[in-house]
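[1] Turn this into a structure:
(one chain, ligands or ions: 2)
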Amino acid sequence: MAAAAMPVAAPVLSARASFRGSSKSSVRRSTAKAAATTTRRRVATATTSEYKVAVLGAAGGIGQSLSLLLKMNPMIAQLNLYDIQGTPGVAADLSHTNTQTKVTGYAGADSLADALKGCDLVIIPAGVPRKPGMTRDDLFEINAGIVKTLCEAVAANCPGALVNIISNPVNSTVPIAAEVFKKAGTYDPKKVFGVTTLDVVRSNTFVAEAKGLDVNDVDIPVVGGHAGITILPLLSQSYPATKFDADELEAMTVRIQNAGTEVVEAKAGAGSATLSMAYAAARMAEACLRGLSGEADVYECSYVASSVTELPFFATKVRLGPGGAEEVLPVGDLTEYEKGWLEKLIPELKGSIDKGIAFANK
Ligand SMILES: NC(=O)c1ccc[n+]([C@@H]2O[C@H](COP(=O)([O-])OP(=O)(O)OC[C@H]3O[C@@H](n4cnc5c(N)ncnc54)[C@H](O)[C@@H]3O)[C@@H](O)[C@H]2O)c1
Ligand SMILES: O=C(O)C[C@H](O)C(=O)O
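    Ligands and ions are numbered 1, 2, ... in the order given. This next block holds a predicted model:
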């Protein structure tokens, strides 16, 4: 008896659809009301695999789950998995999944250049995660050097690639990456992204739960940076419009700011968010590739080079296109409550940015 055909396309496409962030309908609102946008599912438009993507730190907690999700993305023709160890096994395992993406493992510093050559998008989750009691800045000492070295290799081997930086402290590692690329003469501010998508994913989830909304239809812009009080969810710009009394607003804002710590404490020494981060990074990667492919009106919040505030880097919603972050949107109308948080976060974020720049130039 002939074997039944496997229904490959449907599950892959439905998985992809769930990553989708802000779309066309949201952007009309966005133009009308700065960064206030909504999330809408759309039918997948890309049917051909054309992109080459590298994950640096691919054998780690985020790296492995993220690589699985990327292996399911029909836009990715080739997935290169780099780590200091363990990637041949991860690649062999993933290569047995019946999706069209080809996957290759690269282990050890000698293979880094090969892993990067020809890549359109490089995603960096390499580095150590927090343990209970630590701040993200406590990771600086180890992760700053890792990100610097990896970005030097990106500059040498795929200088035109978009770079998605996940390694913490993102508030400092993104400025480090920018300085490395400046020194190499390859810096394009539109191509370096701090991945803050998890803050949006969390905000959408928590607000949908609290207000009994369909989580697929909720969109909360999150601005600032990615650590503690530098994470500023703009609940006044939530879609659909949602009312919070003063206590609810404070509790929701603080929960979103501390959500990473919530996971670190629940994991009790075994690391920080990996699965939700992989999900969020896959969503950001897909948005970057949709932008590269020329799809119109692709938006995500991201920590990028910015002139929205007096700081050189700041997270707001950005429009992704063939050149990367084609447009960095303003924060939009803020309430007095949000203005208060913005005032508090600016000096802290400035300190993290300055620290990253000083490290890269020492
Ligand atoms: N941006 C965010 O929202 C966000 C969310 C969660 C975690 N993170 C950060 O992501 C990073 C990784 O977290 P994780 O849970 O996957 O950690 P992990 O320890 O599970 O994995 C990290 C991986 O990086 C690899 N690595 C270390 N040095 C490397 C180098 N020089 N080159 C290549 N690979 C190297 C390790 O071998 C390991 O496989 C941490 O810094 C964490 O704080 C960021
Ligand atoms: O909290 C962490 O250390 C990891 C990450 O930044 C997160 O927000 O989950």
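[2] How about the residues of this structure by ligand 1?
    Within reach of ligand 1 by C-beta under 6 Å from any ligand atom, the chain has these residues: 56-57, 59-63, 83-84, 125-130, 139, 143, 146, 150, 166-168, 170, 195, 198, 226, 271-274, 277. Heads up, the C-betas are built off the backbone N, CA and C, glycines and all.
[3] Keep only those of the residues you listed that are in strands.
    Where these overlap with strands, as defined by DSSP state E, the overlap consists of 56, 83.
[4] Separate out the buried members of the residues of the chain next to ligand 1.
    By neighbour count, with 16 or more other C-beta atoms under 10 Å, these hold 56-57, 59-63, 83, 125-130, 139, 143, 146, 150, 166-168, 170, 195, 198, 226, 271-274, 277 as buried.
[5] From these, which land in helices?
    Under the assignment DSSP state H, these contribute 61, 62, 63, 143, 146, 150, 170, 198, 277 to helices.
[6] Contacts only, for the closest residue to residue 203 other than its chain neighbours.
    Among residues not flanking residue 203 along the chain, residue 220 sits closest, at 3.8 Å (C-beta to C-beta, 6 or more residues apart in numbering). Going by C-beta atoms under 8 Å, 6 or more residues apart in numbering, residue 220 touches 200, 203, 204, 207, 233, 234, 235, 237, 238, 239.
[7] Which pLDDT value goes with the second one?
    Each residue has a pLDDT score; the one for residue 203 is 98.
[8] do the last one as well
    With respect to pLDDT, residue 239 has a value of 98.
[9] Could you tell me which residues of the protein lie near ligand 2?
    Residues of the chain lying close to ligand 2 by C-beta under 6 Å from any ligand atom are 129, 130, 136, 168, 198, 260, 261, 263, 264, 272, 273.
[10] for those, which one is nearest ligand 2?
    For the residues of the chain next to ligand 2, the closest approach to ligand 2 (C-beta to the nearest ligand atom) belongs to residue 260, at 2.3 Å.
[11] Would you mind writing the CA trace of stretch 196-207 as PDB?
    Presented in PDB, the C-alpha positions along stretch 196-207 are these (Å, rounded to 0.1, in the frame of the first residue of the first chain):
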ATOM      1  CA  THR A 196      13.500  43.200  22.400                       C
ATOM      2  CA  THR A 197      10.700  41.200  20.900                       C
ATOM      3  CA  LEU A 198      10.300  39.100  24.000                       C
ATOM      4  CA  ASP A 199       9.200  42.200  25.900                       C
ATOM      5  CA  VAL A 200       6.400  42.700  23.300                       C
ATOM      6  CA  VAL A 201       5.500  39.000  23.300                       C
ATOM      7  CA  ARG A 202       5.200  39.100  27.100                       C
ATOM      8  CA  SER A 203       3.200  42.300  27.200                       C
ATOM      9  CA  ASN A 204       0.800  40.900  24.600                       C
ATOM     10  CA  THR A 205       0.400  37.700  26.600                       C
ATOM     11  CA  PHE A 206       0.000  39.300  30.100                       C
ATOM     12  CA  VAL A 207      -2.500  42.000  28.800                       C
END
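[12] which stretches of the stretch 251-362 of the chain form strands?
    Taking DSSP state E, counting those that start in this stretch, the strands of the stretch 251-362 of the chain run over residues 298-305, 313-321, 324-328.
[13] As TSV, these with mean neighbour count would be great.
    Shown next, in TSV, are the strands of the stretch 251-362 of the chain (neighbours: other C-beta atoms under 10 Å):
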stretch	mean neighbour count
strand 298-305	25
strand 313-321	25
strand 324-328	18
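[14] As TSV, the ones you listed with mean pLDDT would be great.
    As requested, the strands of the stretch 251-362 of the chain are exported to TSV (pLDDT from 0 to 100):
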stretch	mean pLDDT
strand 298-305	98
strand 313-321	98
strand 324-328	98
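[15] would you turn these into TSV with distance to residue 285?
    Below are those laid out as TSV (distance: least, C-beta to C-beta, whole Å):
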stretch	distance to residue 285
strand 298-305	10
strand 313-321	11
strand 324-328	13
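[16] Check the average confidence over the helix or strand residue 103 falls within, would you?
    Residue 103 is part of strand 102-107 when elements are defined by DSSP states H and E. Mean pLDDT, strand 102-107: 98.
[17] Tell me how many other residues crowd the closest residue in space to residue 53 that isn't next to it in sequence.
    Of all residues not flanking residue 53 in the chain, residue 121 sits nearest, at 4.7 Å (C-beta to C-beta, 6+ apart). Residue 121: 26 surrounding residues under other C-beta atoms under 10 Å.
[18] who's in contact with residue 121?
    By C-beta under 8 Å, 6+ apart, the contact set of residue 121 is 51, 52, 53, 54, 161, 162, 163, 164, 285, 288, 289, 292.
[19] tell me the phi and psi of the closest residue to ligand 1 within the stretch 151-300 of the chain?
    Closest to ligand 1 within the stretch 151-300 of the chain is residue 168: 3.4 Å, counting by C-beta to the nearest ligand atom. The phi/psi pair for residue 168 (degrees, to the nearest 10) reads phi -90, psi 160.
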